[in-house]
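J.: Next comes the sequence, and after it the predicted model I'd like to discuss.
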There are 2 protein chains.
Amino acid sequence: MTDKVVGVLGEIFTDLLRWIFKKSYSGGGQLGRMLAAAASLLNIKIVILDVGEHAPAKQVLAPTSTQYAHIDGSFTDQARIRELAAKVDVLTVEIEHVDANALAQADGCEIHPSPGTIKLIQDKLAQKQHLQSRGCPVSDYIAVDSTVESIHAAAKKLGLPLMLKSRTLAYDGRGNFVLRDFDEVPTALAALGNRPLYAEKWVPFTHEIAVMVVRSTSGEVRAYPVVETVHKENVCHLVFAPLRTRDATLSRRAQAVAEDAIKTFEGAGVFGVEMFLMDDGGLYINEIAPRPHNSGHYTIEACETSQYENHLRAILSLPLGSTALKVPSCAMLNIIGLSSSMDEVTDLTNVALTVPGASVHLYGKSECRKGRKMGHITVVAESDAALRTRLRVLLEALPSSPITETDLYAPAPQTPGSGFASAHPLVGVIMGSDSDLPVMLPAARILDQFQIPYELTIVSAHRTPDRLVEYARSASSRGLRTIIAGAGGAAHLPGMVAAMTALPVIGVPVKGSTLDGVDSLHSIVQMPRGIPVATVAINNGTNAGLLAVRILAAGIPRLVEAMDTYLKNLEGEVLGKVEKLKEVGWESYSVKK
Amino acid sequence: MTDKVVGVLGEIFTDLLRWIFKKSYSGGGQLGRMLAAAASLLNIKIVILDVGEHAPAKQVLAPTSTQYAHIDGSFTDQARIRELAAKVDVLTVEIEHVDANALAQADGCEIHPSPGTIKLIQDKLAQKQHLQSRGCPVSDYIAVDSTVESIHAAAKKLGLPLMLKSRTLAYDGRGNFVLRDFDEVPTALAALGNRPLYAEKWVPFTHEIAVMVVRSTSGEVRAYPVVETVHKENVCHLVFAPLRTRDATLSRRAQAVAEDAIKTFEGAGVFGVEMFLMDDGGLYINEIAPRPHNSGHYTIEACETSQYENHLRAILSLPLGSTALKVPSCAMLNIIGLSSSMDEVTDLTNVALTVPGASVHLYGKSECRKGRKMGHITVVAESDAALRTRLRVLLEALPSSPITETDLYAPAPQTPGSGFASAHPLVGVIMGSDSDLPVMLPAARILDQFQIPYELTIVSAHRTPDRLVEYARSASSRGLRTIIAGAGGAAHLPGMVAAMTALPVIGVPVKGSTLDGVDSLHSIVQMPRGIPVATVAINNGTNAGLLAVRILAAGIPRLVEAMDTYLKNLEGEVLGKVEKLKEVGWESYSVKK
């Protein structure tokens, strides 16, 4: 495959960061550790330069010869850099806060991403200028110096609240200050430590999203699925993949923005592109990380190739791997230290062992500290609803998790038959009028019985045409996999919905006061070539529900077995009647309707 | 989670095996290596006793303190065993050919599986007697001594061909001899090295299948999905998960056989149960491995919890993990050395890097030898058809792969529109009569267009009722996810198929010479409560194909996008006609039918 040796620069400047922000620093070698684990599968030799013999990455990679022994030292030690560069063919980083100038002087090996890219990304102002000059969407900004006057001028131009940001060495929200009032300027300057700053227009985003992009040495780029990231106290807390939204074009737009941005940088590897999503669907790039990223941990369990393996492939000029999801739904929860005690971490991981589809990753850090990333948990599931049910168990086990958060990201599963919509439905049950409810309720009952999350509502093709368009257009991107639509008379609802979504639409003809429902049957079934509606018998909501279950089974194999059991029970019911008929005789047999 | 330390006994008796069989031995520490990789995610401390400082498992697990340093030594060294036992809380093995008596004397720690279980399983005759006495299905056998007379007597009783098997130290087919003729007895005795033997009735199996089972310290068992294993020269070559068969009950029966067998053994951990599948659906247990197994490597990428993590959970009395598949289809290909050169291994892994969904696992072995397991490749895909297409690329890259094998396990993808059935169809297109073909062909054209593998054939409800039953009953277990059935007149085919499968069935009413197809429409759509048929418009095969695509999209998200594009094109076509109408005027506009 490759004989090249890869050098990884570990957690550089940790002490410096700690000194500047007087806070603990939440990095710690886990990216290098996961990179090393991916490398060991491919027999790729890795040499790590980091402080300490037992750094997380070093634990999972015992050198097979002294030639490739890890190096114990800091990146500031020029002699160690030369030692590393002499040993390896390709040098990469697990954090961007490195001395790019020193890196550029490492002779005799390739460096990915290029020192120039690292330098550009390190300075957030330079990064923004670069992105803006290449036509990438960024919010308005102004360079400021650390004076009250300069910041006042910026605030007058960009408005309040105003983001004041440290140009360098910012991480997990450290180095940011939200200025809400002119009086706060001295506080802000003190908090930001009189470092080089810039001001950014406040972006009233509705969601934070992220896209990992891998870039080959020849400049080919491939985007991973778009994810939603949820931050808590400025630290990434939860990641959901794939992104669900009412906007069907969003995923492709966000991937294009991310790919276009990464095309503008030199050097190979994976890059994390964090973005703000606006209420109107607009996107702004927040910042870029030139390395494997927290928002891409989920790729280990959920994608065909993990971000770590793809980083190695990219920097070693090997073919890039597929970035496709291999599971329907996935979430990642960071395990963040709450104190110097490991107890909370242990409690949470013990709960994770009871959650199906949950994979625990502990980083082997010897000490716990408040705010330190100690590990993460990835959860996979067959649907968003199943995912949130699994995730809820973990969120409830977080000592610091307020109920509201749990409700927001992992709503309580609906009691079957509760009469209210699931927050993460797989099936949409809609009807033209509330008078259709008696026909459609049996469909809901079937979905309850098979424990399939659904929503049930009224959408009238003729009286709420705008609602119809909105409902049908957004259905697929909201995670629905099939729609059951019932209507009577000139029954246009199922066909019109089918015309505006790629999902399978099941039509239920509802019998009206004339024509025995044949009007509605023909309205629904006789669709023109190109747009099918899966029509069931007149007034047969039960069969519509059962057909939805059979359709979902194409993606959820357990439903095939459940449906087999249902059919067996039907058979049992009829055979029971056979027995009864034999027992009581047909003269005294009473037929139940 | 746990503070317990796990000790793993490495590749014991390798030299002994090599001496006995005068052949290279294909084990080598990879099971320990993958176990160690799983342990590192959970911060579980592992100490490995094996020969050599750079054994595969030791490479991925650098001890964080001298207290847990690996031990360099052989299991025959009693002092080393005591040293290991004193360091650890739980002792486990990566191979069953250990000195069980010596293991039983390791004091001060739990041992999983129990030395008694290992001893029982080591001796294949004792293993068979044990299984038979517990009611587990095994083929007939007789203990023999290493004399010509004894073997003649066995052959007279059990018939020829006869399996002669070494009771102990057999591995990857070594220690087995197929006796086809009485003249071969001296040859057999020489080949088997005059070791303790037994004779086994030849089992004319059609397939070899396997089930991994995890057993907790409290005796709870959980089966993984049933897989098909394909052997080449007695060595496991390919594994397919899940098993596809016409027999819908097989998977559950095989899991039950495997679980029942493992319930009879003491001690915790994962066990591999290899079985023979007979032509009549019967099952025989071939043998049991008391450890992670080659047929379970696929679980790393394809299941919610890997066999390695579940082995650790089991022996540490942690909750067992979910054994469910998380991908629709998976295969595992062993990378087996062909010579002392690494070149073929490198060539194959280079090809694997170009295959989407393929994950390469190299075991870090420093030397290649003919027959040595150097690594494996796991391939995952959205369907069996996509899997075989991906796998075919790998099989073609095997220098030793004859074309017939490639054809058998990874048939060439059908050219769209080729007019012949795919070997791994997702959709079955059936019709009551060849006269329905013109109506059903457009459905096939649509499936071609969306590159969905399908089969197309004739199944008449009234003229071939047995074929109907067989077709419908086997559809789901053969991997079909939806069926399109077309029929005219008293159109019973779609409804009867729906009654005998849990898959969604799409019905196409075919217009006959009378009643304009309404007879057929009502026959198909007016199904009784319990059994739905997704009915489309009369003669509208196109819409049946499109509905199948929409249904498959529930499990294959890329199809949602493809269908969106299709709908956009429909819109474009009509808008083109709008333009043309404007251009030429309606008087001279000619309507195409």
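T.: Good, I have the coordinates.
J.: List the contacts of stretch A:291-299.
T.: Stretch A:291-299 is contacted from outside by A:31, A:34-35, A:92-96, A:113, A:210, A:212, A:224, A:227, A:229, A:236, A:239, A:241, A:269-272, A:274, A:305-308, A:310-311, A:323, A:330-332, A:334, A:361, A:373, A:376, A:378, using C-beta atoms under 8 Å, 6 or more residues apart in numbering or on different chains. All C-beta atoms are positioned from the backbone trio N, CA, C, and that covers glycine.
J.: near chain B, from the residues you listed?
T.: Taking C-beta under 8 Å from any C-beta of the partner chain as the test, chain B is in contact with A:T305, A:H361 out of these.
J.: In strands, which of the contacts of stretch A:291-299 fall?
T.: Judged by DSSP state E, the contacts of stretch A:291-299 include A:92-93, A:210, A:212, A:227, A:229, A:236, A:239, A:241, A:269-272, A:274, A:330-332, A:334, A:361, A:373, A:376, A:378 as members of strands.
J.: contacting residues for the closest residue to chain B within the stretch 351-500 of chain A?
T.: Ranked by C-beta to the nearest C-beta, the top residue of the stretch 351-500 of chain A for proximity to chain B is A:P356, at 3.6 Å. For A:P356, the contact set (C-beta under 8 Å, 6+ apart) comprises A:R390, B:E304, B:G321, B:S322, B:A324.
J.: Is A:E287 part of a helix or strand, or is it coil?
T.: strand (DSSP: H, G, I helix; E, B strand; the rest coil).
J.: how far away is the residue nearest to it when sequence neighbours are not counted from chain B?
T.: Nearest non-adjacent residue to A:E287, counting by C-beta to C-beta, 6 or more residues apart in numbering or on different chains: A:E274, 5.4 Å away. The gap separating A:E274 from chain B is 24 Å, by C-beta to the nearest C-beta, to the nearest Å.
J.: from memory A:E274 sits against A:F205, does it?
T.: No - assessed by C-beta atoms under 8 Å, A:E274 is found out of contact with A:F205, at 10.8 Å.
J.: If you count surrounding residues, which of the two has more?
T.: The residue with more neighbours, out of A:E274 and A:F205, is A:E274; 21 against 17, by other C-beta atoms under 10 Å in any protein chain shown.
J.: Tell me the pLDDT of the residue of the stretch 351-500 of chain A closest to chain B.
T.: Note for A:P356: predicted pLDDT of 97.
J.: Tell me where chain A is predicted with low confidence.
T.: Where chain A drops to pLDDT under 70, the residues are A:1-2, A:8-28, A:51-55, A:57-58, A:60-67, A:74-77, A:170-173, A:401-418, A:592-593.
J.: So which residues on the stretch 151-300 of chain A come close to chain B?
T.: Contact residues (C-beta under 8 Å from any C-beta) of the stretch 151-300 of chain A with chain B: A:A248.
J.: Show me where the stretch 151-300 of chain A has its strands.
T.: A:162-166, A:176-179, A:197-201, A:207-215, A:221-223, A:227-232, A:235-241, A:269-277, A:283-289 (DSSP state E, counting those that start in this stretch).
J.: again with the stretch 451-593 of chain A
T.: A:454-458, A:482-488, A:505-510, A:534-535.
J.: Tell me which of these is the most buried.
T.: strand A:534-535 (a mean of 34; mean count of other C-beta atoms under 10 Å in any protein chain shown).
J.: residues in contact with it?
T.: Residues contacting strand A:534-535 (C-beta under 8 Å, 6+ apart): A:494, A:504-507, A:509, A:521, A:524-525, A:547, A:551, B:504, B:506, B:525, B:534-536, B:547.
J.: ok, 6 Å please
T.: Contacts to strand A:534-535, defined as C-beta atoms under 6 Å, 6 or more residues apart in numbering or on different chains, come from residues A:P504, A:I506, A:G507, A:I524, A:V525, B:V525, B:A534, B:T535, B:L547.
J.: So A:D3 versus chain B, what's the distance?
T.: Using C-beta to the nearest C-beta, we find A:D3 at a distance of 9 Å from chain B.
J.: Tell me the spacing between that residue and B:V345.
T.: Per C-beta to C-beta, to the nearest Å, A:D3 is found 13 Å from B:V345.
J.: show me what contacts the spatially closest residue to A:L164 that is not a sequence neighbour?
T.: Distance criterion C-beta to C-beta, 6+ apart; nearest residue to A:L164, sequence neighbours excluded, is A:F177 at 4.4 Å. Residues in contact with A:F177 (C-beta under 6 Å, 6+ apart) are A:L164, A:A188, A:A191, A:L192.
J.: Mind doing that once more with 8 Å?
T.: Going by C-beta under 8 Å, 6+ apart, A:F177 touches A:M163, A:L164, A:K165, A:A188, A:A191, A:L192.
J.: Comparing A:D3 and B:V345, which residue is more hemmed in?
T.: Counted by other C-beta under 10 Å, A:D3 and B:V345 do not tie: B:V345 has more neighbours, with 22 against 10.
J.: Is my assumption valid that that one occupies a position in a helix?
T.: Yes - the assignment for B:V345 is a helix, going by three-state DSSP.
J.: is it true that it touches B:R372?
T.: No - counting by C-beta under 8 Å, B:V345 stays clear of B:R372, with 9.7 Å between them.
J.: Need the residues touching each of the two.
T.: B:G337.
J.: First-to-last residue distance for stretch A:546-559?
T.: Using C-alpha to C-alpha, to the nearest Å, the end-to-end distance of stretch A:546-559 comes out at 11 Å.
J.: How about residues contacting that stretch?
T.: Contact partners of stretch A:546-559, identified using C-beta under 8 Å, 6+ apart, comprise A:328, A:382-383, A:426-427, A:443, A:446-447, A:450, A:452, A:481-482, A:484, A:504, A:506, A:534, A:536, A:560, A:562-563, A:566, B:325, B:328, B:481-482, B:502-505, B:530-532, B:534, B:551-552, B:554-556.
J.: circling back: report the separation between the residue nearest to A:L164 and A:P196.
T.: Taken as C-beta to C-beta, the span from A:F177 to A:P196 is 14 Å.
J.: Common neighbours of these two, please.
T.: With the criterion set as C-beta under 8 Å, 6+ apart, the contacts of A:F177 and A:P196 do not overlap.
J.: Looks like A:K326 contacts B:K326 (just checking).
T.: Yes - A:K326 is within contact range of B:K326, at 7.5 Å (criterion: C-beta under 8 Å).
J.: Give me the nearest residue to whatever residue of the stretch 151-300 of chain A ends up closest to chain B, chain neighbours excluded.
T.: Nearest residue of the stretch 151-300 of chain A to chain B, counting by C-beta to the nearest C-beta: A:A248, 7.4 Å away. Nearest residue to A:A248 in three dimensions, chain neighbours excluded: A:S477, at 4.5 Å (C-beta to C-beta, 6+ apart).
J.: How about the contacts made by the one you found?
T.: A:S477 touches A:R244, A:T245, A:R246, A:D247, A:A248, A:L250, A:S251, counting by C-beta under 8 Å, 6+ apart.
J.: Top of the contacts of A:F177 by number of neighbours, please.
T.: A:L164 (25 neighbours).
J.: Could you double-check that it sits in contact with A:A199?
T.: Yes - assessed by C-beta under 8 Å, A:L164 is found in contact with A:A199 at 5.7 Å.
J.: Now do the shared contacts for those two.
T.: Listed contacts common to A:L164 and A:A199 are A:V144, A:I151; contacts here mean C-beta under 8 Å, 6+ apart.
J.: May I have the secondary structure class of A:S139?
T.: coil.
J.: Spit out the contact partners of it.
T.: A:S139 neighbours (C-beta under 8 Å, 6+ apart): A:E200, A:K201, A:V203, A:F276, A:Y284.
J.: I'd like to check the angle between the helix or strand containing A:D448 and strand A:505-510, please.
T.: Using DSSP states H and E, A:D448 falls within helix A:437-449. Angle of helix A:437-449 versus strand A:505-510, following axes from the mean of the first three to the mean of the last three C-alpha atoms, to 10 degrees, is 140 degrees.
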